[in-house]
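one predicted model, sequence on top.
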Amino acid sequence: MEHVLGKTRRPGTCLFEPPGKGFCAKEDLLLYRNGGCICLLNRFPYTNGHLLVAPTRHVSCVTELNEKEMTPLMALVSAATAILRRILEPDGFNIGLNLGSEAGAGIADHLHFHIVPRWRDDVNFMTVLADVRAIPEHIETTYDRLLPEFQAYYQLQKTAP
Ligand SMILES: [Zn+2]
């Protein structure tokens, strides 16, 4: 579990504002950055393929988003869900927001959607009962499988009228 124990983030930076301007960055598990929003693979996933989608602007609540930010953000949530469905073939999803640390947000000051793929036989109850997470695939392997799909989505966005 090197991603849990080692490879920690640079201090003093926001997880949802990875450095640079590039479309992707494997060291930050950044799968997509374009049009005012990003998609990251969660370094501390509940299941394999647990994604985080956020606006690039540091806001804590949906009420702070302007209309120009909402459309690409929801489009990215939708595209990321479609990509997970195609590549990982889950049986369902949990998609949601935790607003405020009392509501379970790990990073409460930067709004982010969780997209958690679920399988009929996954062992999520273990997380609840024993803080055990069952991740069958190495996170960098998952990243490598998902990245070409996000690149294709990026190309689509660039060529859209
Ligand atoms: Zn931030």
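Arrived safely.

please, which helix or strand holds residue 114?
With elements taken from DSSP states H and E, the one containing residue 114 is strand 113-118.

give me the nearest residue to residue 68, chain neighbours excluded.
Leaving aside its chain neighbours, residue 68 sits nearest to residue 36 (7.4 Å; criterion: CB to CB, 6 or more residues apart in numbering). Just so you know, the C-beta spots here come from the backbone N, C-alpha and C atoms, and that holds for glycine as well.

quick check, pLDDT for that neighbour.
What the model reports for residue 36 is a pLDDT of 95.

quick revisit: direction included, what does the strand holding residue 114 pair up with?
Strand pairing for strand 113-118, determined by DSSP bridges: strand 51-55 (antiparallel), strand 92-97 (antiparallel).

in it, what counts as buried?
Neighbour-count burial for strand 113-118, counted by 16 or more other CB atoms under 10 Å, picks out 113, 114, 115, 116, 117.

does the residue nearest to residue 68 touch residue 72 like I think?
Yes. At 5.7 Å, residue 36 counts as touching residue 72 under the criterion of CB atoms under 8 Å.

which parts of this structure sit against the ion?
Counting by CB under 5 Å from the ion, the chain comes close to the ion at 14, 16, 17, 58, 110.

give the contact list for the spatially most central residue of the chain.
For the chain, the residue sitting closest to the mean C-alpha position, by CA atoms, centre = their mean, is residue 52 at 1.9 Å. For residue 52, the contact set (CB atoms under 8 Å, 6 or more residues apart in numbering) comprises 16, 39, 40, 41, 42, 112, 113, 114, 115.

about what we covered before: pull the most distant pair out of the buried residues of strand 113-118.
113 and 117 (13.4 Å; CB to CB).

next helix or strand past the lowest-mean-pLDDT helix or strand in the chain?
The helix or strand of the chain with the poorest confidence is helix 2-5; it has a mean of 43 (mean pLDDT, DSSP states H and E). The first helix or strand that comes after helix 2-5 along the chain, using DSSP H and E, is strand 30-34.

angle of that next one against strand 51-55?
20 degrees (axes from the mean of the first three to the mean of the last three CA atoms, to 10 degrees).

list the buried residues of strand 30-34.
30, 31, 32, 33, 34.

and the residues of the chain next to the ion, which are buried?
16, 110.

which of the residues of the chain next to the ion lies closest to residue 152?
residue 16 (23.1 Å).

ok, now which ones touch the closest one?
38, 40, 52, 54, 56, 58, 107, 110, 112.
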